[in-house]
Every structure is written in structure tokens, then in C-alpha cells.
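Undergrad: Dropping a prediction and its sequence here:
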Amino acid sequence: VQLAKGIVRTVQAIKNVDAGALMVHVEATGITRTGEPDHEALAAKEQARGFLSLDLITGRVTPEHPLYGWLTAHGAAANELAALAEQAVPLDVVGLNFYPQWSSREIGTNAAGKPVYKIVDKAGSGFSRMVESYYDRYQAPIMITETSARGLHKVRADWLRTSLAAIKALRGGGVPVLGYTWF
């Protein structure tokens, strides 16, 4: 909440000086999924947390938001959330950081019956759907602000080809992906 308040104030200050300034709001993104019906709600909540900072600065966190109760139970004040909702800033560009080797998690069950998270799908097959989900949610142009892959040359080259093909397909499907940074 404190970071969201700082971002809102910073955007407002910059826009007061230069109303035409474009803000790129960057998130470390990922995918959380499960193949187990018992963990569907947990996976959905984890995905919602991925949107939380952008939801806060765009004024979407109201009492109807799925994480409102979680935030207030963890110390967020209702009046601070209301103030953020009133001072919402538009998103000029949404920057997404995605690394296939650690951005895709799956929730499973350990031997004790407890949920466990593991990194899966190091090929990044959910990348396009994740980019689409941010565009669908915020209706703002997208920039891939960081991506790359660890490993042998073949692994890195495969992700470069795969991710660039995904960007091309997303653009062809109407998702305005403005840029791509190999980090």
C-alpha cells in the first residue's frame, strides 16, 4: 500500500510538470496454476496477487475486490485503500518481466496433504495467455520489459524464438505489444 501511494504521488507530480509524459508501470509477472481441483481457489488468489499493485494504483481495490479482505486483515487501512481508489492513475504502458525458468509455478500437494509450489514449464508456454490477461484487465499497451532464459545456448535461443513468435502472434491478434527487452 505504501508503494502504491508513492507511485500515485510520483505519477501525479510528473504529470503536473509534463502532462504528456508516458509512465511505464513494470511488474515482475508470472503464472500460477494447478491441476488439482482442491487448489483452484488458491491458484486464482495467487494470480490475483500478481495484479495487486496495478489494481491498487488504478483504483480497483474497493471492498468488492477479491483481495480487499486479505489486505485489511494484513494491516491495510480501509481509508488508505479508499484514498487510492479515489486517486487512481491511468496506465500508459504496462511493462511485464517474465522469465520462463522461474515465472511459472504450479500448486500441488505434498505427502502431508499441504499445498506446495514448484517451478514448472521452463519453456514458458503460458506466456501469451499471461500477456493477454494483463491487456484484457487494464486495456493499456504492453511492453515486455525483461525476459531471457538461463541455461545452454539452445535453451536461450529456443526461448528467444518462442517469445518473439508469441509477441508477433499477440500483435496479430490485436494486443498492442510495443516493445521487447532481452535482459
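TA: Looks like it came in fine. This is a predicted model, so every value here is computed, not measured.
Undergrad: Now the residue sitting nearest the centre point of the chain. Its backbone dihedrals?
TA: Central residue check for the chain by Cα atoms, centre = their mean: the C-alpha nearest the mean position is that of residue 29, 4.1 Å away. When quoted as degrees, to the nearest 10, the phi and psi of residue 29 stand at phi -100, psi 170.
Undergrad: what do you get for residue 131?
TA: Summarising the backbone geometry of residue 131 under the convention degrees, to the nearest 10, its torsions are phi -60, psi -50.
Undergrad: coming back round to it: enumerate every residue touching the residue nearest to the centre of the chain.
TA: With contacts taken as Cβ atoms under 8 Å, 6 or more residues apart in numbering, residue 29 has the following neighbours: 50, 96-98, 103, 130, 134. For glycine as for every other residue, the C-beta is placed from the backbone atoms N, C-alpha and C.
Undergrad: Work out for me the element residue 130 sits within.
TA: Here residue 130 is covered by helix 127-138, with elements defined by DSSP states H and E.
Undergrad: Would you indicate which residues of that helix are buried?
TA: Across helix 127-138, burial judged by 16 or more other Cβ atoms under 10 Å covers 127-128, 130-131, 133-135, 138.
Undergrad: What is the nearest of those to residue 20?
TA: Proximity to residue 20 was ranked across the buried residues of helix 127-138 by Cβ to Cβ; first place goes to residue 138, at 20.0 Å.
Undergrad: in the helix ranked longest in the chain, what's buried?
TA: Counting residues, the longest helix found in the chain (DSSP state H) is helix 153-172. Of the residues in helix 153-172, those buried under the neighbour-count criterion (16+ other Cβ under 10 Å) are 158-159, 162-163, 166-167, 170.
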